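>>> coordinates only, sequence not included:
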C-alpha cells in the first residue's frame, strides 16, 4: 500500500516538474512579465522540492529530487543580480542522495561527497542527476573566480569518461571537452525534464572560464597567451557585453604587443557588439593619443563623455539568446580594482578631455570642458569635494587651478578671479594662523632615505615601532603643504588676471599675498649637524613639493617685479627679480627683466656683468638643466602666463649687451662668449 502511494506521489511530482519546465519553454523571453513568470516558477519549484524532501530519501525518488533541485537553482541564479555564495542546497542534495543508498560519510565538502558517490554508487539515473548538480557547482565556482576547483572537477570527469567509454581523451583540452560536450551529455529520452540543458550549461561554462583565464593572463602581462585563450572564447556562447569585453581584452593585449592598429580594429568590433562598452572606447582614445592622432582622440573622449551621461543601465538589453536562463555576465565578476574592464569614471573622462584640449592649445574648448566638469562637482551632496577625488584624477583644487589656466589662456580673466577666489577661501579655512610652517630636514629626509625622491618614501622611519606615527606625521605635513601651494597658486593666477585687466593695484596685492604665503614655509636644518645646508639642498632637490614651492616663488617675484616696473618703482622691481633668481636660478624671465631694469637705471656695466655670468652659467649647464626639467614633470597648472621671453627677445638682449661690451671693453677676445647664436 505504501509503495503504491509512493509511486503515485512520484508520478504526480514528475508531472508537476514537467509542467513547470514546459511552461517556461513555451513562453517567449520577450514577454513583458518574463521576470515575474520566472520568479513565480522558482517559487513553485521550491515548494515542489519541499514536498519531496518532506519524505525520507529513497532510490526511486532521489533522481527526481535532484532534478527539481537543479531546476530551482538554475532559476535562482537567473533571477539574481549577484550569484549567491550559499552552497547549502547543493550540499543537502548530495547528502540525501548518499543517504538513499545507505552510505555513511564524515566529509562535508562537495568534492569529497562527489568522489564518494562515484566510488560507491553506479546507478546511471542517480549518477546523471549528480552530474547535473556538479555542473551547477562549477558555475557557482566560476562566479567566485575559483577556476582551480573547476579544473579539479573537469579532470575527474575526464578520467571517469575515459574509464567508462574506453576512449582515451586524456590528452584533449579540458575546456574544449566542455565546449564539445565530450564530458557530459544530455540524457536522451529522460522523463525528468530540465529548465536548462547540460549542453547549454557546458557552453556557458566554457565561455566564462575561458574569459576569466584570458583576463588573468592579460593582468599578468602574458599578452600572446591571453590572445590565444580569448579568441576561441569569442566564438562561444556570448552575450553582447561579454563579446565586447573579449574584443576589448584582445585589443588591449595587441596594443601592449606593439600592434596599435590591430588593437583599434578589435576596439571597433567591441563597440559594434555593444555600443555601451565604455572601456573599449576609452582604450581606443588612449591608442589615438599614443599615435598622436589628436582629433580622433578628442572625438573618442567626447563620444565617451556623452555616452556616460546618457547611459541608462536599466535599459541595457544584454541577453545571449532566447531560452538561455543564465547570462554569462552573471558569472563573470571583474575586480573593481582592475583598470581593464571596470566602468570608466565620468569625472576622469571629462577631466581627460579638458586637460588634453588645454595641452593642445585648444583653450576655448578646454575652458568649456573644465567649467562643465566643475559644475558637475556640485551636483548632489559633496561636502568634501575640494579634498576628496578619485584616484585616477588629480585632487579637486588642482582641477580648479587647471581650469584657471584654461580661462587665462582664452582671456576670461574675471572667471579666473572667481574660480581662484573659491579655492583661496576654501584653503584659508584649512590653514592655521601660524606665522611659519616648518619643514624639518630630519623628519622629511632621514639619513637612511637621502637618496629617495618621493615624500611617501622619505616619510618612512628606520625604527619599525615609530613607522606608523612617522608616516602619519609626514602625511599631515604634506597635506598642509599642499594647501599652501594650492592657495598660493590661486593668488598667483588672480594676480596675473588683474595684471592683464590693467588693475595694477589688485595685481600687486595678490602677488604679495602669494609671496607672503610661500615665505611662511621654512626649511629648517638639523641643529646638531655640521653641514645643515647640504641636507637642505638635498631636500630641495629630491622633494617634488619643494620644487613646486621654489617655482611658485620665482613666478610670484617676477610678476610682482613687472608690476612694480609699470609703476616706475624700478629699484623695488630689481630686488624682486633678484629674489626670483634666488628661488630658481635658471629663470629666463627674471634674468631678462633684471637686465632691462638695470639698463633703464643706467647701470649698464652691471647689466653686462650679470648677463655674462648668467649666460655662461646657463649655457654651460644647459644640458643638465634640460634633463632636470624633463624629469620634474611640474603639474599642468604650474605655468607662468605673464609675458614669456621669446628667443628673439633673448637674442635682442644679447645683442644689446654685446654691442655695449664691444664699445666699452678692450678685452675683445672674450666678446665671442656673449654673442647670440645668430652672431656666432
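Noted; the coordinates are in hand. The model shown is predicted, which means the values in this text are computed figures rather than measured ones. Residues are numbered from 1 along each chain as shown.
>>> And the helices in the stretch 101-250 of the chain?
Per DSSP state H, counting those that start in this stretch, the stretch 101-250 of the chain carries helices over the ranges 110-120, 124-143, 147-165, 174-180, 198-220, 223-233, 240-256.
>>> which strands and helices sit next to the third one?
What it means is helix 147-165. Identification of packing neighbours for helix 147-165 by 3 or more C-beta pairs under 8 Å, 6 or more residues apart in numbering; DSSP states H and E yields helix 110-120, helix 124-143, helix 174-180, helix 198-220. In short, each C-beta sits where N, CA and C put it, glycine included.
>>> would you turn the ones you listed into CSV with mean pLDDT?
What follows is the helices and strands packed on helix 147-165, written out as CSV (pLDDT from 0 to 100):
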stretch, mean pLDDT
helix 110-120, 77
helix 124-143, 86
helix 174-180, 74
helix 198-220, 90
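>>> mind putting those helices in CSV, mean neighbour count and distance to residue 545 included?
Formatted as CSV, the helices and strands packed on helix 147-165 follow (neighbours: other C-beta atoms under 10 Å; distance: least, C-beta to C-beta, whole Å):
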stretch, mean neighbour count, distance to residue 545
helix 110-120, 16, 55
helix 124-143, 21, 45
helix 174-180, 19, 52
helix 198-220, 22, 33
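>>> Find the nearest non-adjacent residue to residue 81, please.
Nearest in space to residue 81, with sequence neighbours left out and distances taken as C-beta to C-beta, 6 or more residues apart in numbering, is residue 330 at 7.8 Å.
>>> separation between that neighbour and residue 74?
Distance of residue 330 to residue 74, computed by C-beta to C-beta, to the nearest Å: 11 Å.
>>> Also residue 521?
Residue 521 is 65 Å from residue 74, by C-beta to C-beta.
>>> that older thread, between the helices and strands packed on helix 147-165, which one is closest to residue 593.
helix 198-220 (53.3 Å; C-beta to C-beta).
>>> pull the longest helix from the protein.
helix 467-500 (DSSP state H).
>>> Packing partners of that helix?
Secondary elements touching helix 467-500 (3+ C-beta pairs under 8 Å, 6+ apart): helix 396-409, helix 413-428, strand 437-440, helix 441-444, helix 455-458, helix 504-518, helix 544-566.
>>> Tell me how many other residues surround residue 284.
28 (other C-beta atoms under 10 Å).
>>> just residue 347 next, same as before
Quick note: residue 347 (other C-beta under 10 Å) scores 18 neighbours.
>>> isn't it right next to residue 376, touching?
Yes - taking contacts as C-beta atoms under 8 Å, residue 347 lies within contact range of residue 376: 7.1 Å.
>>> Distance of residue 300 relative to residue 200?
Distance from residue 300 to residue 200, by C-beta to C-beta: 37 Å.
>>> Residue 311 too?
30 Å.
>>> Over to residue 231?
22 Å.
>>> Tell me how many other residues surround residue 50.
Counted with other C-beta under 10 Å, residues neighbouring residue 50 total 10.
>>> Which positions within the helix or strand hosting it qualify as buried?
Under the criterion of DSSP states H and E, residue 50 resides in helix 34-53. Residues 38, 41, 42, 44, 45, 46, 48, 49, 52, 53 are the ones in helix 34-53 that count as buried (16 or more other C-beta atoms under 10 Å).
>>> Likewise for stretch 597-605?
In stretch 597-605, the ones that count as buried by 16+ other C-beta under 10 Å are 597, 598, 599, 604.
>>> List the contacts of that stretch.
The contact list for stretch 597-605, computed with C-beta atoms under 8 Å, 6 or more residues apart in numbering, reads 561, 565, 570-571, 573-574, 577, 606-607, 610, 656, 660, 664.
>>> Straight-line length of it, end to end?
Stretch 597-605 has an end-to-end distance of 13 Å (criterion: C-alpha to C-alpha, to the nearest Å).
>>> Quick one: mean pLDDT over that stretch.
The average pLDDT within stretch 597-605 is 87.
>>> Sort out which of the contacts of stretch 597-605 are buried, if you could.
561, 565, 570, 573, 574, 577, 607, 610, 656, 660.
>>> Farthest pair within those?
561 and 660 (22.5 Å).
>>> still on that earlier bit, quick one: which of the buried residues of stretch 597-605 is nearest residue 252?
residue 597 (56.0 Å).
>>> separation between that closest one and residue 561?
For residue 597, the distance to residue 561 - C-beta to C-beta - is 8 Å.
>>> Quick check: neighbours shared by those two?
Contacts common to residue 597 and residue 561, judged by C-beta under 8 Å, 6+ apart, are 573, 574, 577.
>>> Mind putting these into TSV with distance to residue 647, secondary structure and pLDDT?
Converted to TSV, the shared contacts of residue 597 and residue 561 look like this (distance: C-beta to C-beta, whole Å; DSSP: H, G, I helix; E, B strand; the rest coil; pLDDT from 0 to 100):
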residue	distance to residue 647	secondary structure	pLDDT
573	24	helix	93
574	24	helix	93
577	20	helix	93
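>>> export those to a markdown table and tack on distance to residue 275?
Listed next are the shared contacts of residue 597 and residue 561 as a markdown table, based on distance: C-beta to C-beta, whole Å:
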| residue | distance to residue 275 |
| --- | --- |
| 573 | 59 |
| 574 | 63 |
| 577 | 57 |
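>>> Closest one of the residues you listed to residue 507?
Of all the shared contacts of residue 597 and residue 561, residue 507 sits closest to residue 573, with 13.2 Å by C-beta to C-beta.
>>> and that closest one, what does it touch?
561, 562, 564, 565, 593, 597.
>>> likewise residue 35?
Residue 35 makes contact with residue 79, according to C-beta under 8 Å, 6+ apart.
>>> same thing with residue 66?
93, 97, 126, 129, 130, 132, 133.
>>> Just give the closest residue to the fifth one, not the sequence neighbours.
Leaving aside its sequence neighbours, residue 130 sits nearest to residue 117 (C-beta to C-beta, 6+ apart; 5.7 Å).
>>> That neighbour touches residue 98, doesn't it?
Yes - under the criterion of C-beta under 8 Å, residue 117 makes contact with residue 98 at 6.6 Å.
>>> and the nearest residue to residue 487 once chain neighbours are set aside, how many residues sit next to it?
In this structure, residue 487 finds its nearest non-sequential neighbour in residue 427, 3.9 Å apart by C-beta to C-beta, 6+ apart. When neighbours are defined as other C-beta under 10 Å, residue 427 has 22 of them.
>>> what's the neighbour count on residue 438?
As a burial measure, residue 438 scores 12 neighbours (other C-beta under 10 Å).
>>> Correction: the previous question concerned residue 351.
23.
>>> Phi first, then psi, for it.
As for residue 351, its main-chain torsions (degrees, to the nearest 10) stand at phi -70, psi -40.
>>> Who are the contact partners of it?
By C-beta under 8 Å, 6+ apart, the residues touching residue 351 are 373, 393, 394, 399.
>>> pLDDT check: weakest of the residues you listed?
Lowest confidence among those: residue 393, with 74.
>>> Contacts for stretch 262-270, please.
Residues contacting stretch 262-270 (C-beta under 8 Å, 6+ apart): 243-245, 247-248, 250-255, 277, 280-281, 283-284, 287.
>>> do that again at 10 Å, thanks
Stretch 262-270 is contacted from outside by 227, 230, 234, 240-241, 243-257, 259, 277, 279-288, 290-291, 293, 296, 300, using C-beta atoms under 10 Å, 6 or more residues apart in numbering.
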